[in-house]
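[1] coordinates only, sequence not included:
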């Protein structure tokens, strides 16, 4: 895992509160805009090892942000 990705992950909360969810989305958009290639399996592993989330929640969360990130990439590729 790159230091950039680790720093990105360390900065985020351990909650699915709406304000925390907004922070995750802001981070995903920032990663996209700055060209950070997100490895969702690496993120899944990191959260499980470092954030003390239940495995089922981690899996649902990763699935959701991976789909949303893919949609974001598709949208921007379409409008280029």
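    Done, it's in. Since we're looking at a predicted model, the values are computed, not measured. Numbering: from 1, shown residues only.

[2] sec struct for residue 77, please.
    At residue 77 the chain is in helix, as set by DSSP: H, G, I helix; E, B strand; the rest coil.

[3] the helices in the protein, which residues?
    Across the chain, reading from the start of the chain, the helices by DSSP state H fall at 3-10, 18-34, 40-50, 55-79.

[4] which of the ones you listed sits most buried?
    Of these, the one with the most neighbours on average (mean count of other Cβ atoms under 10 Å) is helix 40-50, at a mean of 15. Backbone N, C-alpha and C define where each C-beta goes, glycine included.

[5] which residues are in contact with residue 76?
    residue 32 (Cβ atoms under 8 Å, 6 or more residues apart in numbering).

[6] ok, it to residue 29 distance?
    Taking Cβ to Cβ, to the nearest Å as the measure, residue 76 falls 10 Å from residue 29.

[7] now swap in residue 54 and tell me
    26 Å.

[8] before we move on, what about residue 63?
    With distances defined as Cβ to Cβ, the gap from residue 63 to residue 29 amounts to 18 Å.

[9] repeat that for residue 47.
    Taking Cβ to Cβ, one finds residue 47 at 19 Å from residue 29.
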